[in-house]
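Asks: got a predicted structure here, sequence first:
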Amino acid sequence: MDVYNEKGRIMIIEPKIMRGICLTAHPEGCAREVKNQIAYVKAQGKIAMPKRVLVVGCSTGFGLASRITAAFAGDAETLGISFEKGPSAKRPATPGWYNNRAFDKEAAVQGLKSNTLDGDAFSDEMKNQAIRWIKENWEQLDMLVYSLASPVRTDPETGETWRSVLKPLGKAFTAQSIDFMKEEVKEVTIPPASDEEIEPTVKVMGGEDWTRWISLFKEAGVLARGFRTVSFSYIGPEVTFPVYREGTIGKAKENLEESAAGLNKILNDLDGRAWVSVNKALVTRASSVIPVVPLYMSLLFKVMKEKGLHEGCIEQMYRLFSQRLVPGKEVPVDEKARIRIDDWEMREDVQQAVSELWDKVTSENLRELSDIKGFREDFLKLHGFHIDGVDYTRDIDLEADL
Ligand code: NAD
């Protein structure tokens, strides 16, 4: 239970979870988790990286992990953009807000230039603000990592607001899913998207906004020769196809992947390149609300941990930048020009093992057959809870600089 002092500040912060969404975040836990990720990349060793890097969607998940890798393994200066909410008298900030603060603080300690802008990355105002910052501080940009996950986007050209949906196409999809806090396996039926719901999802999560970032930046003359950009996609197994790859979000991801080809044309005269990297399924604020996927992830983590193949966002991003997107080296891609760091997830032996567990899993054997424990821990860690070394019984002053 939350405790308030006379000023209304929350003194003990606990996870408050409703329908797969955690409404609270722990400042000290978030800061410590950022430090843990920094320690991980430092222990792996330095890598060659572009030196002026913008991460759009920098505060959590793959964006935060890319930024940490670029700065602390690649010695890059970074500009980060995200949409987060600071603390109020009675509520903690969003986890990304604490993560950004911790990132900028650690970067300053290391003498690495960093700046974080908070606001709507889909807007032209934010793009222009980033252009101004780049001109004043760097002149030009070497790399843009595009890692937005959002349910809503207002198109700056038309003013129209689009909302994405996570639905199958054509017909309803019935499959097992979990309530990961109650640890219950239950069947869910997701109704099919109407024709009117497909386009908005593509508008929000497809490649239009990524393309706009690069086009406006090119026009403004802030892209350096040899500029590179990467965005993230997902494919996954057949059991999640109806709700993911062959659903509304899959249409958006196809559009994102295709937009890389258009970006390569725009970047051609700068010797620049755009890639989409297909990443592994991981617990993030975005992915934990997708139906069916959390059950698949719990089984996948069990199998991948047993085989010594499990990775989190930071391991994935370190591998992406140290082994795939290496400056001066050819970038290995699949037949659709995509980088694949979902290679271990999609290995035949891994998928075979997950599929066998999928057929057997029930609420009764969930703990034994899946890594539901790891899934829940990862979910709590995203919000700064369940982090080693944090005293969760300690009073927290929300405005204090931890
Ligand atoms: P996440 O929820 O952890 O991060 C999303 C980021 O976007 C946050 O920094 C948030 O602040 C920012 N954001 C959202 N709306 C914004 C706005 N209007 N303006 C500015 N910033 C905004 O998500 P994630 O899972 O790391 O997803 C990043 C990308 O990776 C997405 O394209 C996602 O589809 C892709 N991906 C995710 C997975 C997975 O399993 N999580 C797997 C493969 C690919």
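Replies: Structure received. If you're wondering where the values come from, they're calculated on a predicted model, not measured in any experiment. Residues are numbered from 1 along each chain as shown.

Asks: so how far is the ligand from residue 209?
Replies: 9 Å (Cβ to the nearest ligand atom, to the nearest Å). Heads up, the C-betas are built off the backbone N, CA and C, glycines and all.

Asks: which helix or strand contains that residue?
Replies: Residue 209 is part of helix 208-219 when elements are defined by DSSP states H and E.

Asks: could you do residue 389 as well?
Replies: Here residue 389, judged by DSSP H and E, is contained in no helix and no strand.

Asks: so where does the nearest residue to it once chain neighbours are set aside fall, helix or strand?
Replies: Nearest residue to residue 389 in three dimensions, chain neighbours excluded: residue 32, at 6.3 Å (Cβ to Cβ, 6 or more residues apart in numbering). Secondary structure here is read from DSSP H and E; on that basis residue 32 sits in helix 27-44.

Asks: which elements pack onto that helix?
Replies: On a contact count with 3 or more Cβ pairs under 8 Å, 6 or more residues apart in numbering; DSSP states H and E, helix 27-44 meets helix 61-68, helix 95-109, helix 313-319.

Asks: got the buried residues for it?
Replies: By neighbour count, with 16 or more other Cβ atoms under 10 Å as the criterion, the buried positions of helix 27-44 are 27-35, 37-38, 40-41, 44.

Asks: now stretch 229-240
Replies: Taking 16+ other Cβ under 10 Å as the neighbour-count basis, stretch 229-240 is seen to contain the buried residues 229-237, 239-240.

Asks: next: stretch 211-228.
Replies: Applying 16+ other Cβ under 10 Å to stretch 211-228 flags 211-214, 216-218, 220, 222-224, 227-228 as buried.

Asks: that older thread, after the helix holding residue 209, next one along is what?
Replies: strand 223-233.

Asks: list the strands paired with that next one, with their directions.
Replies: Here the strand partners of strand 223-233, with direction, are listed using DSSP bridges: strand 141-146 (parallel), strand 273-278 (parallel).

Asks: angle of that strand against helix 208-219?
Replies: Strand 223-233 and helix 208-219 are oriented at 170 degrees to each other (axes from the mean of the first three to the mean of the last three Cα atoms, to 10 degrees).

Asks: what about the closest residue to the ligand within the stretch 51-200 of the chain, neighbour count?
Replies: Of all residues in the stretch 51-200 of the chain, residue 61 sits closest to the ligand, at 2.1 Å by Cβ to the nearest ligand atom. Each residue near residue 61 was counted by other Cβ atoms under 10 Å, and the total is 24.

Asks: the strand or helix carrying residue 176: which residues count as buried?
Replies: Element membership of residue 176, judged by DSSP H and E, is strand 173-179. Neighbour counts over strand 173-179 (16+ other Cβ under 10 Å) mark 173, 175-178 as buried.

Asks: do stretch 99-108 as well
Replies: 99-104, 106-107.

Asks: got the buried residues of helix 27-44 as a markdown table, with distance to residue 396 and pLDDT columns?
Replies: A markdown table is the format used below for the buried residues of helix 27-44 (distance: Cβ to Cβ, whole Å; pLDDT from 0 to 100):
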| residue | distance to residue 396 | pLDDT |
| --- | --- | --- |
| 27 | 6 | 93 |
| 28 | 7 | 94 |
| 29 | 10 | 96 |
| 30 | 11 | 96 |
| 31 | 12 | 96 |
| 32 | 13 | 97 |
| 33 | 16 | 97 |
| 34 | 17 | 98 |
| 35 | 17 | 98 |
| 37 | 22 | 98 |
| 38 | 22 | 98 |
| 40 | 25 | 98 |
| 41 | 28 | 98 |
| 44 | 32 | 98 |
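
Asks: buried stuff in stretch 194-201?
Replies: Along stretch 194-201, these residues count as buried under the neighbour rule (16+ other Cβ under 10 Å): 197-198, 200-201.

Asks: same check, this time on stretch 266-273
Replies: Applying 16+ other Cβ under 10 Å to stretch 266-273 flags 266-267, 272-273 as buried.

Asks: cross the residues you listed against strands and list the overlap.
Replies: residue 273 (DSSP state E).

Asks: out of the buried residues of stretch 266-273, who's near the ligand?
Replies: With respect to the ligand, and counting by Cβ under 6 Å from any ligand atom, no part of the buried residues of stretch 266-273 is in contact.

Asks: JSON lines for the buried residues of stretch 266-273, including pLDDT?
Replies: Listed next are the buried residues of stretch 266-273 as JSON lines, based on pLDDT from 0 to 100:
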{"residue": "266", "pLDDT": "98"}
{"residue": "267", "pLDDT": "98"}
{"residue": "272", "pLDDT": "98"}
{"residue": "273", "pLDDT": "98"}
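
Asks: which member of the buried residues of stretch 266-273 is positioned nearest the ligand?
Replies: Closest to the ligand out of the buried residues of stretch 266-273 is residue 273 (18.7 Å), distances taken as Cβ to the nearest ligand atom.

Asks: show me what contacts that closest one?
Replies: 227-229, 264, 267, 331 (Cβ atoms under 8 Å, 6 or more residues apart in numbering).

Asks: at 10 Å instead, please
Replies: Contact partners of residue 273, counting by Cβ atoms under 10 Å, 6 or more residues apart in numbering, are 226-230, 260, 263-264, 267, 325, 331.

Asks: residue 19 now?
Replies: Residues touching residue 19, when contacts are defined by Cβ under 10 Å, 6+ apart, comprise 179, 181, 289.
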